[in-house]
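S.K.: Sequence and predicted structure, then a few things I'm wondering about:
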Amino acid sequence: DVITYSAGISACEKGGRTDTALDLLFEMKGRGLQLDVITYSATISACEKGARTDTALDLLSEMKVAGLQPDVITYSAAISACEKGCRTDTALDLLSEMKGRGLQPDVITYSAAISACEKGGRTDTALELLAEMKGDRLEPNVITYNAAISACEKGCRTDTALDLLAEMKAAGLQPDVITYNAAISACEKGNMPDIALELLAEMKGRGLQPDVITYSAGISACEKGGRTDTALD
């Protein structure tokens with residue numbers, strides 16, 4: 001029945017089996033079963049995980065044509081799919097559409113939209129969404145801050161990136177390797193080698209293992225700031 005199929009599709013989504021999820025959906029239709037919001041949401045999530053943006057958006061359109069009302073989970077999955085497919089404008093259109101339907105975006109929705117802005121080079125919009133989220137009394141998480149800091153790095157907004165890093169630590173959140181990489185890259189773009197090195201030392205002090213991206217950004221920051229000896233160290 002519908003519940004069994006939906007559970008199967010959801011299992012495929014969690015296991016990264018996008019094609020199998022779509023096969024199950026097709027099978028459901030072939031059996032004349034009535035698809036519901038849960039079924040569509042799970043399949044759109046599977047498409048998002050499999051980076052099948054166009055299919056995710058086709059399913060969203062299909063469910064609306066069928067008279068079903070997408071919920072917050074549906075929109076969050078579709079916006080995440082747009083983020084993976086670098087479809088920033090579509091992600092923002094969906095965010096606007098869900099608000100227009102009276103749905104309240106949650107932390108996952110906002111984080112996905114901010115990440116889509118980061119990928120699309122829309123730093124100002126990313127920061128506006130972060131402010132809007134706080135205005136809605138939603139607490140940004142590490143994923144949200146990482147996306148916002150990365151957006152600042154891409155937009156050469158070093159001071160704002162560092163402010164956000166300080167803010168997330170003040171909120172009791174633990175920055176991860178992605179956070180530090182984005183912040184150190186922002187320092188490199190803003191020609192702030194000393195702070196880049198401080199952040200590198202700080203992340204090691206927190207027990208985090210710098211990766212190739214971290215060291216590349218750190219070396220580049222030192223070279224730009226004339227700290228060749230430190231870069232070679």
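M.R.: Nice, I can see it. As the structure is a prediction and not an experimental result, all values here were calculated from the model. Numbers count the residues shown, from 1 in each chain.
S.K.: and the closest residue to Asp211 other than its chain neighbours, what does it touch?
M.R.: Distances taken as Cβ to Cβ, 6 or more residues apart in numbering place Val177 nearest to Asp211, at 6.2 Å, with adjacent residues excluded. Backbone N, C-alpha and C define where each C-beta goes, glycine included. Residues counted as contacts of Val177 (Cβ atoms under 8 Å, 6 or more residues apart in numbering) are 203, 208-211, 214.
S.K.: Can you tell me how far Val177 is from Thr214?
M.R.: Using Cβ to Cβ, to the nearest Å, one obtains 7 Å as the distance from Val177 to Thr214.
S.K.: Mutual contacts of the two, please.
M.R.: Common contacts of Val177 and Thr214 (Cβ under 8 Å, 6+ apart): Met203.
S.K.: on that earlier part again, confidence score at the residue nearest to Asp211?
M.R.: pLDDT recorded at Val177 is 97.
S.K.: swap in the one 4 residues further on?
M.R.: Per-residue confidence (pLDDT) for Asn181: 96.
S.K.: these two touch, right, Ala186 and Arg157?
M.R.: Yes. Counting by Cβ atoms under 8 Å, Ala186 touches Arg157, with 7.4 Å between them.
S.K.: Please say which of those two ends up with more neighbours.
M.R.: Ala186 (30 against 22; other Cβ atoms under 10 Å).
S.K.: Mind listing what's buried along the helix or strand that contains the more buried one?
M.R.: Per DSSP states H and E: Ala186 is located in helix 177-189. Residues 178-189 are the ones in helix 177-189 that count as buried (16 or more other Cβ atoms under 10 Å).
S.K.: Work out for me the element Glu83 sits within.
M.R.: For Glu83, the host element (DSSP H and E) is helix 72-84.
S.K.: Report all helices and strands that that helix contacts.
M.R.: helix 37-49, helix 53-65, helix 88-100, helix 107-119 (3 or more Cβ pairs under 8 Å, 6 or more residues apart in numbering; DSSP states H and E).
S.K.: what's that helix in contact with?
M.R.: Residues from elsewhere that reach helix 72-84, judged by Cβ under 8 Å, 6+ apart: 37, 40-41, 44-45, 47-48, 51-53, 56-57, 60, 63, 70, 88, 90-91, 94-95, 97-98, 103-106, 108-109, 112-113, 115-116, 119.
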